[in-house]
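Peer 1: kindly return the folded structure for what I paste below:
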Amino acid sequence: MAITFNLAIGQEDTGGEVLVDDTLDTGGNVINLRSLANSYATADYYGALVDHGVYTFTAVPEGIYKVYNNATELTIFGQIQIGQYNAVLLTGNQTIAGVKTFSSQPVFSAGVSTDSLSEKTASAGITFNHKAIINQLRLTQFISAFSMAGYDISGLVTPVGNSSATNKTYVDTAVTTLGTAVAAAYADRTALAADQNIYAQWTFRTTPYSLASSTSPFHVANVKYVKDYVNNYLSGAISTVQQNETLIEINYNGTQENNRIYTNIAAGLVAADAYADSTTRVQLFISGNGNDDGSLDTNYNLVTTTYDDYIDIVGITQSVIILCNDDTYTATTLGFKIIENVTISTNTSTATPAFTKFIFRNCKFTSSDSLGAYTLTNCIVENCVREGCTVAYSSCAGEMLDITNSQSIILQTVKDAGGAYEIAYSNGDIRGKRQLGRKGADITAASSITLGQGNLFVVNGGTTVTTIVTTDWTEGSIVSMIFPDTPTINVGGDNIVHPDGSFTANGGYLYRFQLLSGSWYITNKY
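Peer 2: Down below sits the predicted model:
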């Protein structure tokens, strides 16, 4: 409802008297009201100066307002309520929200319309102090919910069907339960049989096959149903795997039950896709492998490359095998897809699976024909091994154990404990604060000598040295040799190079060699 609102504005003079103030209006659009509804952000209504400091605002809706002089709030007025804002009206339609507590008994001149009645105090029930008219109410529920002692129920409306309010029986085909109080009074079949009325209700008003889907502890199952259930469990027709939206089991030898257990990865991924999101991470748990009649290819093949993020594939042990196609498997963000505790194998000799932004934990990469090749991009590899296959890495971190070549492959930079100084790079380059060497085992001079493990060697004897074997040495390797005796170093005879040609070593002097293009170049003779 729009309201015309008048507001008087005065100003206190030096003597403490409040006088009317006509000075604030300098041509209109100065004194304004701002509404709580828009957080007092803009001028909603401007006042027009009438006379003697009185400003009038027209067509102002009911609500809470503040008074502003241009953009400056006149805080002396505080919040002004205009109209019956938030008031309960005596007449007319009005929606009243929230819980209202009546300290006295309310009196209504007409009937109260409501969809349901609820207890004021939990478990206290509701008491009716007058005749109750109840239509099509099951008697057992009626007994549990109401105490009718001392009240006239002769006015009960008789439901349609075989029912009578006089003898309190009711017959239909629905599954029903006995109330808690009745069940406690008739704890066993013998006591129940003593009251034929209740026994008849028990006999005809319950559905026996309710063990698997019961909704009450008072539902009944007959002997045949229990025997069938046990036999089905023993024969594997049903399992005890709990229905779970965050853990789905894969077992070739199991019996498929929706949202519980599946016999192949593809079906399990479809079920997991229905639940996986940022707040519900789903594990596809593989509890065993089956490999007869080609079932390994059929049931444990990771055929779906576009399965949802937030699904992790986890094996019970690394003996669980999953097969990959010649496809690319991608996660939206690193860590959204994890594969753990399985052996990953290519399903064909030409397959070259590629994984992007995956985390692999305790996994083995392999290929049955040793021709498989994997590509990992932006992946994390934790405690993984490879055997009989090749793996290419791009922007990965972690460590891979190469069983075939007995090598441990580091995929990231190695830093010191403080994390500030880089010691080694993933390409093998060393950037240490100190480079430490090792003295190898002494060697006896011969036409061809083989160096062991180390960087410094003592070569004893006077036999001419013509060849230094390069096996297991890399281009750029540097070694030093000390000759206690005076053998001839045959330069140009095989793979020893020095511009001065062959020479006789000075006993006790150190000579330094560096490998380049299969030849050892003498870089320091003395």
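Peer 1: from the recorded domain assignment, give the ranges for this structure.
Peer 2: Annotated domains of the chain cover 2-82, 247-424, 443-524 [automatic domain parsing].
Peer 1: got a markdown table for those, with mean pLDDT, mean neighbour count and distance to Thr127 too?
Peer 2: Quick note: C-beta positions are derived from backbone N, CA and C, even for glycine. Below are the domains of the chain laid out as a markdown table (pLDDT from 0 to 100; neighbours: other C-beta atoms under 10 Å; distance: least, C-beta to C-beta, whole Å):
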| stretch | mean pLDDT | mean neighbour count | distance to Thr127 |
| --- | --- | --- | --- |
| domain 2-82 | 85 | 14 | 41 |
| domain 247-424 | 84 | 17 | 45 |
| domain 443-524 | 93 | 15 | 95 |
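Peer 1: output these as JSON lines; include the columns distance to Thr91.
Peer 2: What follows is those, written out as JSON lines (distance: least, C-beta to C-beta, whole Å):
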{"stretch": "domain 2-82", "distance to Thr91": "16"}
{"stretch": "domain 247-424", "distance to Thr91": "50"}
{"stretch": "domain 443-524", "distance to Thr91": "99"}
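Peer 1: so which of the ones you listed gets nearest Ser118?
Peer 2: Minimum separation from Ser118 across those (C-beta to C-beta) falls at domain 247-424, 32.1 Å.
Peer 1: what residues are up against the nearest residue to Thr523 once chain neighbours are set aside?
Peer 2: Closest residue in space to Thr523, ignoring its immediate chain neighbours: Arg512 at 4.9 Å, by C-beta to C-beta, 6 or more residues apart in numbering. Counting by C-beta atoms under 8 Å, 6 or more residues apart in numbering, Arg512 makes contact with Ile478, Val479, Ser480, Met481, Ile522, Thr523, Asn524.
Peer 1: how much space separates Gln11 from Ser408?
Peer 2: According to C-beta to C-beta, to the nearest Å, Gln11 and Ser408 sit 87 Å apart.
Peer 1: kindly report the same for Thr317.
Peer 2: 23 Å.
Peer 1: ok so, going back, which strand or helix spans the residue nearest to Thr523?
Peer 2: Assigning secondary structure by DSSP states H and E places Arg512 in strand 509-516.
Peer 1: in its sheet, what does that strand sit against?
Peer 2: Strand 509-516 sits in its sheet next to strand 478-483 (antiparallel), strand 519-524 (antiparallel), going by DSSP bridges.
Peer 1: turn these into JSON lines, columns for distance to Asn341.
Peer 2: JSON lines is the format used below for these (distance: least, C-beta to C-beta, whole Å):
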{"stretch": "strand 478-483", "distance to Asn341": "44"}
{"stretch": "strand 519-524", "distance to Asn341": "49"}
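Peer 1: which one is Thr305 nearest to, not counting chain neighbours?
Peer 2: In space, Thr305 comes closest to Asp327 once its chain neighbours are excluded; the distance is 4.6 Å by C-beta to C-beta, 6+ apart.
Peer 1: for the one you found, grab phi and psi.
Peer 2: When read as degrees, to the nearest 10, the backbone of Asp327 gives phi -140, psi 170.
Peer 1: I'd like the numbering to begin with 22 instead of 1 from here.
Peer 2: Yes, from this point I'll number from 22; that puts the last item at Asp348.
Peer 1: and the gap between it and Thr367?
Peer 2: Taking C-beta to C-beta as the measure, Asp348 falls 11 Å from Thr367.
Peer 1: name the residues contacting each of the two.
Peer 2: Common contact partners of Asp348 and Thr367 (C-beta under 8 Å, 6+ apart): Pro374.
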